[in-house]
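>>> Here is the input, now give the coordinates:
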Amino acid sequence: DCESLAVYNIDPVIRASIKNLMRGKNLNTLQVRAVNEGGVMAGRSALVAAPTAAGKTMVGYLAALSAVARRGRAVVLLPSRALVNEKWAEFRDAFGGCGVTTIRSLGGIENDDHSLRSSHYAVAFLTYEKFLGLVLSNSQILESISTLVLDEVHLISDEARGRNVELLLAYFRQRADRGANTQIVALSAALNELNGFDKWLGAKLIAEKDRPVPLRFGVVLPSGHFRYWDSDSAKVGDANGLFPAVAGREPGEYPESVQARIAEALAGQLLSNNQQETLLLFRFTKKNARELAASISNALALGRCDSPLEKLTVHATGREGSSISSELTKVLERGVGFHLRDLTDEEREAIEAAFRSGQLRALVATSGLAMGVNTPASSVVIVDNEKFDGQRKPYKVAEVQNMAGRAGRMVESAQRGIAYICAVDVQHADYL
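Model (predicted):
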């Protein structure tokens, strides 16, 4: 019950705002454990590991609000600019009217960097990279922080960006060795890759394996055969005829071409059979994401998606004649969208809002979106199972969990989310 948070000196108005943000619901099991066992509202450090949509974000908010109640300040770090914008706006709208000064910094003219440097804030939202840059230029920023919330902290295992997370944590560990007492609340969806991280962090581990909405996850073949595992029962099963069989791999053909055919056929069946279906498809490259969005839009013609089209005027985006904007407009005319880093902030926000509202029923995104923004869907299709950054590498478990975890996430009345990963043939399915 949110009223029980009074013991942590949380103001009645803020308690009411927490209740409103949770849509009138009480704290769930994970959140209660994080408060009672993890001590996140008592200034103690904790690592909270749970599936996507289990309620970890609220744990971070509770830690930040309790820091403010103790007359401290909190910094919340997030893996993407889009996520900083989303969570900053959500937190500001919920608690800004309660006197909680909320700022953001992610690069750009709307930054609140001066407020951060001068400690004129209560809660600040930043990307990992932006915060590291500020710390490297002025380490005194650390002195004013009483609570550090690290969202998607499994980013530390990323080969490209993990060094930034590790360097930041090294700064705080050095300060702890000198007697500083900064609370660290780390949030992770990677249950299988902790590797003693909680002990290295000096944090209490709070782990939950159950999803609020059960997940059915498996591999789908060109024949339309689906082999799956259910998260709630841990049972395996299979189903035939998800869609009419598509051509298998031809000699010399890239696996990605077969996987794209599977994804298009699967999208056709799912979206045609259920008008309430919302489908999120992941591709590794931006080019492949745009091509898949175009092929699905041409094949299905789901109907014009008016909401983002009305927002994406030349005046709003400032991208007159842009080929990306033209492509986006064409697929939106047929009810499909794509989400890439090449889009402007306005374009991304319009697409995300339309997909969350259900007006846009099919969205093709690069895999980076899985750690990016709140994009709930009834079903997820992971088209590729490898990434390419100079050489082919399989996705890490945490990356696959993030993508699959979008299925059923925060979808009203969802009984089960379903995630599919495309397999070229039986041997490939066995490997996956």
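>>> CA atoms for contacts and neighbours, from now on please.
Fine.
>>> count of neighbours near residue 200?
The burial count assigned to residue 200 is 9, neighbours taken as other C-alpha atoms under 10 Å.
>>> Sorry, slip of the keys, the one I care about is residue 186.
Residues contacting residue 186 under the criterion other C-alpha under 10 Å number 26.
>>> which residues sit in contact with it?
With contacts defined as C-alpha atoms under 8 Å, 6 or more residues apart in numbering, the neighbours of residue 186 are 46, 47, 48, 149, 150, 151, 152, 153.
>>> Sheet-wise, list the partners of the one helix or strand it maps to with their directions.
Taking DSSP states H and E as the criterion, the element that holds residue 186 is strand 183-188. Strands that pair with strand 183-188, judged by DSSP bridges, come out as strand 46-49 (parallel), strand 147-150 (parallel).
>>> Just the mean pLDDT for the helix or strand following that strand, thanks.
Next in sequence after strand 183-188, counting helices and strands by DSSP H and E, comes helix 197-201. Regarding helix 197-201, the rounded mean pLDDT is 85.
>>> Just the CA coordinates for helix 197-201, please, in PDB.
Extracted in PDB, the C-alpha atoms of helix 197-201 (Å, rounded to 0.1, in the frame of the first residue of the first chain):
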ATOM      1  CA  PHE A 197      28.000  -8.100 -10.000                       C
ATOM      2  CA  ASP A 198      26.000  -7.500  -6.800                       C
ATOM      3  CA  LYS A 199      29.000  -8.400  -4.600                       C
ATOM      4  CA  TRP A 200      31.300  -6.200  -6.700                       C
ATOM      5  CA  LEU A 201      28.800  -3.400  -6.300                       C
END
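>>> Return the set of buried residues in it.
Within helix 197-201, the residues that qualify as buried by neighbour count (16 or more other C-alpha atoms under 10 Å) are 198, 201.
>>> And that helix, what does it pack against?
Contacts defined by 3 or more C-alpha pairs under 8 Å, 6 or more residues apart in numbering; DSSP states H and E place helix 197-201 against no helix or strand at all.
>>> show me where the stretch 151-300 of the chain has strands.
Taking DSSP state E, counting those that start in this stretch, the strands of the stretch 151-300 of the chain run over residues 183-188, 204-207, 215-220, 226-230, 236-239, 279-283.
>>> okay, the ones you listed in a markdown table with mean pLDDT and distance to residue 406 next?
Listed next are the strands of the stretch 151-300 of the chain as a markdown table, based on pLDDT from 0 to 100; distance: least, C-alpha to C-alpha, whole Å:
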| stretch | mean pLDDT | distance to residue 406 |
| --- | --- | --- |
| strand 183-188 | 94 | 15 |
| strand 204-207 | 94 | 19 |
| strand 215-220 | 93 | 10 |
| strand 226-230 | 93 | 15 |
| strand 236-239 | 92 | 20 |
| strand 279-283 | 94 | 8 |
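>>> Tabulate those (TSV), appending distance to residue 69.
Converted to TSV, the strands of the stretch 151-300 of the chain look like this (distance: least, C-alpha to C-alpha, whole Å):
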stretch	distance to residue 69
strand 183-188	14
strand 204-207	22
strand 215-220	37
strand 226-230	42
strand 236-239	48
strand 279-283	39
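>>> quick one on the thing from earlier: reformat the strands paired with strand 183-188 as CSV; add distance to residue 284 and mean neighbour count.
As requested, the strands paired with strand 183-188 are arranged in CSV below (distance: least, C-alpha to C-alpha, whole Å; neighbours: other C-alpha atoms under 10 Å):
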stretch, distance to residue 284, mean neighbour count
strand 46-49, 26, 27
strand 147-150, 25, 26
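>>> in this structure, which ranges drop under the pLDDT threshold?
Residues of the chain that meet the criterion pLDDT under 70 lie in 107-110, 191-194, 313-322, 368-374, 409-414.
>>> Mind naming the longest helix for it?
For the chain, the helix that runs over the most residues, judged by DSSP state H, is helix 255-273.
>>> Okay, buried residues for it please.
255-268, 270-271.
>>> and residue 48, what is it in contact with?
Residues counted as contacts of residue 48 (C-alpha under 8 Å, 6+ apart) are 34, 56, 185, 186, 187, 188, 205, 206, 207.
>>> in the sheet, who's paired with it?
Note on residue 48: beta-bridge partners by DSSP bridges are residue 187, residue 206.
>>> Begin at 756, not 1, for the rest of this chat.
In the new count, where the first residue is 756, that last one comes out as residue 803.
>>> would you list the strands paired with strand 938-943 in JSON lines and tack on distance to residue 1119?
Listed next are the strands paired with strand 938-943 as JSON lines, based on distance: least, C-alpha to C-alpha, whole Å:
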{"stretch": "strand 801-804", "distance to residue 1119": "28"}
{"stretch": "strand 902-905", "distance to residue 1119": "27"}
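>>> Quick one: closest of those strands to residue 1055.
Closest of these to residue 1055 is strand 801-804, at 39.1 Å (criterion: C-alpha to C-alpha).
>>> Could you export the closest one as CSV, CA atoms only?
Taking only C-alpha atoms (Å, rounded to 0.1, in the frame of the first residue of the first chain), the coordinates of strand 801-804 have been written out as CSV:
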residue,chain,number,x,y,z
ALA,A,801,20.6,-2.8,-4.1
LEU,A,802,20.8,-4.7,-7.4
VAL,A,803,17.2,-5.4,-8.7
ALA,A,804,17.1,-8.1,-11.4
